[in-house]
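>>> Got a sequence here, can you model it:
(one chain, ligands or ions: 1)
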Amino acid sequence: MSLRSSLAALRNLCTESARPGAHRPFCARSLSLAFDVIRLCVADLLVLLWTLHPWRSLLLLILELVRGVFPAFRGYSQALLINELQALITSNNFTWTCITRHIAVEFSRLALEALIDAIATENENVVYGSAKYALEYRQMEKRLKLDLPTLADPQIRDLFRESDLFVRSFGGMSSFGLFSTFDFMRILTSISELISHALVLSSLTFNRPHLTAFCFSVLTSLLPLILRTARSHGSYMDEAADPQGTRAILRQEKMRHLAQSEAYRQELIFFGLGPWILQGWAKARRTVLGLERRQLETDLSLRGLISINFSSLATFIQNVPLVLLYRSPSASLGLFTLYQTSVQAIMFTTANLIHSTRMAYQGIFLMGAFCAAMEVEPILQPRDRDVPFEVSGKGMKLDVKNLTYTYPGCEGPVLRDVNLTIGAGETVAIVGFNGSGKSTLAKILLRIYDFDSGEILVNGVDIRRYSPEDYHSRCTAVFQDFARYNGSAQENIGVGYVDKMRCPYTLDTAMRLAGAKETVCALPLGLKTKLDIAGQDGRSFEGDQLVQSPGPAYGCQGLSGGEWQRIAISRAFMRADRPEVELLVFDEPTSSLDAHAQKRIFDSIERIARPAGSSARKKSVLFITHRLSTARRADKIAMMENGTICEFGTHQELLNRDGKYAALYRASI
Ligand SMILES: Nc1ncnc2c1ncn2[C@@H]1O[C@H](COP(=O)(O)OP(=O)(O)OP(=O)(O)O)[C@@H](O)[C@H]1O
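Residues are numbered from 1 along each chain as shown. Just a heads-up that it's a prediction; the model follows:
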């Protein structure tokens, strides 16, 4: 929790880092947060990784260190070989046998190196693969547990986006995370590589004894790099602190999403939004890519010129110790080669080290986000020990008292002072004007949303004391904004009760009750037909990829609005008749259906609630409708206006009252 608030504090402080995954600056506050993250997370993560493959992890560590020494060793051995060759040639003792022997030795060394490399890579794949899987699993498991109120918190959403970045990049070539990664290993390898090259250099220069030559060599090999890093460091800071750049990235992503998401395609075509989207994206993209800059200030800056001159100067100066070496009595071709490869390797390795350290620094924050995300608990989980739901066998009894609810981020409450009673086995219809809060109330009663104040008693027990999973298994529902899954008809129906997804009898019953059987049977592959969730142009997106629908000939077909609604009702009916299900909620289930189909659905609901042979209903039913002729079928009607129930009673009682309901009813006939 403290970690999460630290991350939030950092975001508030550095507004430019508000975008999840944005680079954190090297400011004192970020550094102190990085330190906190390491202190709080590293031990746990290391234990987790260690427990997966203790011996392989140890081997990984050792082999990485050994691999770091390879380049210096390689340079040294090749220098020796060159020296030998030089000696053979200058002494006129040159024989092919000698050369072959030397080459064979070198070949054995290379073969050994390759073998160790292969073992290390294979071991690395196993360790990183299982570590990646373990972290992805934890992340996925946690994410699936989160309810809507928890995800409504922008801080939590950002936290999970960053955590996603951490998990997805774990161990990859562009990985993040100090202890996750190649970064950490790369840092180790680079350090051991640097040390070995420095040792070689010192043996070449210091021993001879040319301390100045050694310092000279190291400094001149590092100077161009330091200058380059200072320059890129500046631009890196600018990138993080540039609010215009951040805005451009956000706009670019927004426009890309508009262009790619099928949800907007219909209106995109209808309103001719293409050029507007393209123009907006292009402008933002050019800004992000730096093509919109007014002047080529960076490239032509004095700093750039100075840096270039220094680089060439440094390259020239690197030759000075060579002159010193040349004067030494033991000067040889191998020595020169070794000197030059060592100097170049120091430059190259230091560049790698700086890059890896910067990546690792950013990775620390993502690692922190991952650890903080793993601490998030769903808001709807009961605070104390949860109460098990007792099935009454007569339907669910609901008492709603003075309920108030405000959507996260909204100013005023959307529901205020709502009072409602649904008796066990009763059917209640909620009617009312658009935006009066009907769907919101249904979602609160289904424990999808929480509420601010008031009380909901379910069979006399506070709804907050049930675990949401337990409570949800006692209900079924058709949401107004039901989902269309990118899968077959069977999957689209079967998700209503996954245990019976492959049960032909349950699927068949659900489809028959919802009047979806004819629709599904008419599909090219029946239940196996993949339902096209794309727009009419038959395109959909899988990830970033635009996918053209293969069409009916390939077993993929689109459905009409009413047909989709029947699929969604079948989904709810998959488990509606189960004895443990005591509440059926339907939010405008038949809005796209014709009058016959609508009657059939409500007959089915009644049949499920009152099974054959039973005089009393076994399930309570709540449905929301704008068709008042349908609402009449309910035992009681709740009329909603401005987020509250203004009238409640039977159809006749409400007509007699001659209030809002009576006026609405008269308007509807
Ligand atoms: N996710 C949300 N965030 C903020 N406000 C919301 C959200 N969803 C709905 N609202 C607002 O809450 C109010 C009630 O919405 P709700 O969907 O419950 O109304 P409704 O009575 O079901 O409407 P309709 O008859 O049109 O389906 C509306 O003013 C709506 O703008």
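>>> Quick one: the strands in the protein, in order.
Listed in chain order, the strands of the chain (DSSP state E) span 398-405, 415-422, 427-432, 453-458, 461-462, 475-478, 530-531, 539-542, 545-548, 556-557, 583-587, 620-624, 636-641, 644-649.
>>> I'd like the mean pLDDT over the fifth one, please.
Looking back up the chat, that one is strand 461-462. For strand 461-462, the mean pLDDT works out to 92.
>>> do stretch 531-543 as well
pLDDT averaged over stretch 531-543 gives 52.
>>> which regions of the stretch 151-300 of the chain lie under the pLDDT threshold?
Applying pLDDT under 70 to the stretch 151-300 of the chain flags the ranges 170-186, 205-243, 262-263, 266-267, 270, 292-300.
>>> tell me the contacts of the one residue in it that gets nearest to the ligand?
Residue of the stretch 151-300 of the chain nearest the ligand, by CB to the nearest ligand atom: residue 152 (8.1 Å). In this view, the C-beta of every residue, glycine as well, is placed from N, C-alpha and C. Residues near residue 152 by CB atoms under 8 Å, 6 or more residues apart in numbering: 407, 408, 409.
>>> which one of the strands of the chain lies closest to residue 490?
Residue 490 sits nearest to strand 530-531 of all those, at 9.8 Å, using CB to CB.
>>> which helices and strands sit right next to that closest one?
strand 556-557 (3 or more CB pairs under 8 Å, 6 or more residues apart in numbering; DSSP states H and E).
>>> From the chain's centroid, how far away is the lengthiest helix in the chain?
Determined from DSSP state H, the single longest helix within the chain is helix 96-145. Chain-centre distance of helix 96-145: 29 Å, with CA atoms, centre = their mean, to the nearest Å.
>>> Residues of the stretch 301-450 of the chain that sit close to the ligand?
407, 410, 414, 432, 434, 435, 436, 437, 438, 439, 440 (CB under 6 Å from any ligand atom).
>>> confidence score at the residue of the chain most remote from its centre?
Distance from the C-alpha centroid of the chain peaks at residue 92, with 68.5 Å (CA atoms, centre = their mean). pLDDT, the model's per-residue confidence, is 71 for residue 92.
>>> Next: residue 400.
With respect to pLDDT, residue 400 scores 95.
>>> On the strand side of things, show who it bridges to.
residue 420, residue 456 (DSSP bridges).
>>> Near it, how many other residues are there?
23 (other CB atoms under 10 Å).
>>> any idea how far it lies from the ligand?
15 Å (CB to the nearest ligand atom, to the nearest Å).
>>> still on that earlier bit, now, the residues of the stretch 301-450 of the chain next to the ligand that are in helices?
Going by DSSP H, the helices hold 438, 439, 440 from those.
>>> for the stretch 401-550 of the chain, which spans come out with low pLDDT?
The stretch 401-550 of the chain contains residues with pLDDT under 70 at 534-550.
>>> 50 - rerun?
535-550 (pLDDT under 50).
>>> This structure against the ligand: which residues are in contact?
Residues of the chain lying near the ligand (CB under 6 Å from any ligand atom): 407, 410, 414, 432, 434, 435, 436, 437, 438, 439, 440, 480.
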